[in-house]
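A.B. asks: based on what follows, work out the 3D shape:
(one chain, ligands or ions: 2)
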Amino acid sequence: MRVHLVNAAVQYLLPRLEDFPCNVLPYGFCVVAATLKKHDINVDILDLNYYDGMAQIESVEEANLFLYNDVLSPSLERILVRITADIQNTVVGFSCLGFDALRRSLILAKYIKENNEKRINVFGGAAIHSNAQELMNDFPFVDYIIIKNGEHAFCELIHCLAQKRGITHIPNLAFRMDNRIIINPLSPYDLDDQTCPDYSFYETLDTDFFALEYMTSQGCRNRCLFCGVSENPLMTKRVSKVIKDVRTLKARYRCNVFQYQDDNFISDRDRTIHMLDEFKKLDIIFYTSISPNLIDEDLVARLASAGCVEIVFGLQSASKSLLRCMNKSIDLGHFEGIVNSCQKSGIRLIIDILAGYPGETRESIHTTIEYVRRLQGKIARINLNRFIMDMNSPLSKTSDTNPIDSKDVRKFSPARPVANKHIYDLYKTLLDEHSVPYI
Ligand code: B12
Ligand code: SF4
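C.D. replies: Ligands and ions are numbered 1, 2, ... in the order given. Next up, the predicted model:
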């Protein structure tokens, strides 16, 4: 059996950074592709990053018209004809990393089902984990949803469909039976069973320079109130499994540049030290993200000697009271020392700042600006993010947000805008005034 896998998470819509030397490879998507191949299922890939004209399926209004009122504009139809021309396989798997990918996938799935009712549309990815029931309810063209790390369940589903066997036993699966939507219990997931991603599709493309994406752990031990993954349990891969995969990727793609996209790369100190010692033997360089409360000077030195060239630190604010509101326990004096150590060790430093968190005041803004000014010259830039309410975060459970119309696809987005643009703009003005680089 052949399966078409669709990646609709369009990374080039993110700002392209001159100092970040890679096209972002879709990690989870390529784990799914690798797992299918391992189970002798042939995979064709459709990655929307490599289609011109994507902007034409960006409009939420057009999406709503098509998804809820069956109205397809001629311009949208033209682009769908082109994008879907290559999809010939019966089973099509849509990977939805975020809401934008979900919206595009829904449009494609509806369109291909209308043109061939035998098509079987299967949805997976982070954007559907908490929405399965409602998605199946609204969109009959979504045949199956596989929740969470569902690559093994996906293989089982494909085998069952090919052999015309029952599917009701498959864990993590949402399906329809007797006009009801059934969601099977989730099976435990072992990160050590996660297949090493297969990036071979991207190898043949005319791209710039790749950093190989990899995840050594999933989840985080912190509990920041604004964060959508803060309630996920921390799972770590065995160091021997990480090293085996990193060696394989390095040899297979003849590339020694890695991007470790763990939620928090150093969640477990002893394991991190062991892993860094092993990295030293591999001759690689890597980029990663770390929470300031978990780092110490010894770890900075170890990271540098293991090949770490850049760290993004999730500082978010330098106001003690605001950090308390976020449930972030960061010692700001200690962090200044870490910044100095990174600079001495040659690690580039990027700091995430969150503008407009509930409770932000003029005073907290100025405190944060003063703090980053002191670090100027030692940090490469600030990533300035405007606060939005993540509906999967603990904070959202205690806050009111406006309900969204039941026939508006935006109800599936976990991001709810907050009236804080003036704060975001003030941050930008102050950073400009003080010539602090930011994006
Ligand atoms: C790294 C990362 C990124 C990277 C992705 C790069 C890459 N190489 O993949 C970048 C920086 C590009 C990114 C961007 C964004 N991200 Co992000 N990201 C993550 C992060 C930290 C890890 C993703 C990952 O690789 N996980 C590990 C893999 C194994 O898991 P996975 O991708 O979910 O895939 C598994 C399953 O979902 C499933 N699966 C996936 N696809 C399919 C398909 C089928 C058919 C099936 C059956 C199963 C299946 O199997 C996979 C293997 O186990 C997650 C948090 C997290 N811990 O997951 C957030 C996360 C996914 N991101 C999130 C968001 C919001 C975004 C952005 C919208 C942020 C923004 N405002 O710009 C953008 C959207 C990007 C886009 N253009 O569409 C949210 C999504 C929330 C939601 N419910 O929609 C998350 C969950 C973080 C959070 N806040 O909670 N992100
Ligand atoms: S440290 Fe990062 S990943 Fe962990 S809970 Fe806080 S924001 Fe989320």
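A.B. asks: quick check: Cys342 vs Leu5, distance?
C.D. replies: Separation of Cys342 from Leu5 (Cβ to Cβ, to the nearest Å): 38 Å. For glycine as for every other residue, the C-beta is placed from the backbone atoms N, C-alpha and C.
A.B. asks: correction: Thr367
C.D. replies: For Thr367, the distance to Leu5 - Cβ to Cβ - is 47 Å.
A.B. asks: now Leu76
C.D. replies: Separation of Leu76 from Leu5 (Cβ to Cβ) stands at 23 Å.
A.B. asks: more neighbours: these two, which one.
C.D. replies: When neighbours are counted by other Cβ atoms under 10 Å, Leu76 and Leu5 differ, and Leu5 comes out ahead with 25 against 19.
A.B. asks: sec struct for that one, please.
C.D. replies: Assigned by DSSP: H, G, I helix; E, B strand; the rest coil, the conformation of Leu5 is strand.
A.B. asks: in this protein, which helix has the most residues?
C.D. replies: Longest helix in the chain by number of residues (criterion: DSSP state H): helix 99-115.
A.B. asks: wait, does it make contact with ligand 1?
C.D. replies: Yes - contact between helix 99-115 and ligand 1, assessed by Cβ under 6 Å from any ligand atom, occurs at Phe99, Asp100, Ala101.
A.B. asks: got CSV for the residues you listed, with distance to Leu157 and pLDDT too?
C.D. replies: What follows is the residues of helix 99-115 next to ligand 1, written out as CSV (distance: Cβ to Cβ, whole Å; pLDDT from 0 to 100):
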residue, distance to Leu157, pLDDT
Phe99, 24, 94
Asp100, 25, 92
Ala101, 20, 93
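A.B. asks: if we can go back for a sec, buried residues in the longest helix of the chain?
C.D. replies: Across helix 99-115, burial judged by 16 or more other Cβ atoms under 10 Å covers 99-113.
A.B. asks: in the stretch 1-150 of the chain, where is pLDDT below threshold?
C.D. replies: Scanning the stretch 1-150 of the chain for pLDDT under 70 picks out the ranges 11-23, 52-56.
A.B. asks: hmm, 90 instead?
C.D. replies: When the per-residue scores of the stretch 1-150 of the chain are filtered using pLDDT under 90, the ranges that remain are 1, 9-25, 47-59, 73-76, 78-79, 82-83, 86, 88.
A.B. asks: what sits against the residue nearest to the spatial centre of the chain?
C.D. replies: Computing the C-alpha centroid of the chain and ranking residues by Cα atoms, centre = their mean puts Leu97 first, at 5.5 Å. Under the criterion of Cβ atoms under 8 Å, 6 or more residues apart in numbering, the neighbours of Leu97 are Ala9, Pro26, Gly28, Phe29, Gly125, Ala126, Ala127.
A.B. asks: the second one: how many residues sit nearby?
C.D. replies: This means Pro26. Neighbourhood size, Pro26 [other Cβ under 10 Å]: 26.
A.B. asks: again, but for the fifth one
C.D. replies: Other residues near Gly125 come to 27 when the count uses other Cβ under 10 Å.
A.B. asks: that one touches Phe99, doesn't it?
C.D. replies: No - in this structure, Gly125 sits apart from Phe99 without contact. The criterion is Cβ atoms under 8 Å, and the distance is 10.6 Å.
A.B. asks: model confidence over stretch 211-220, on average?
C.D. replies: For stretch 211-220, the mean pLDDT works out to 94.
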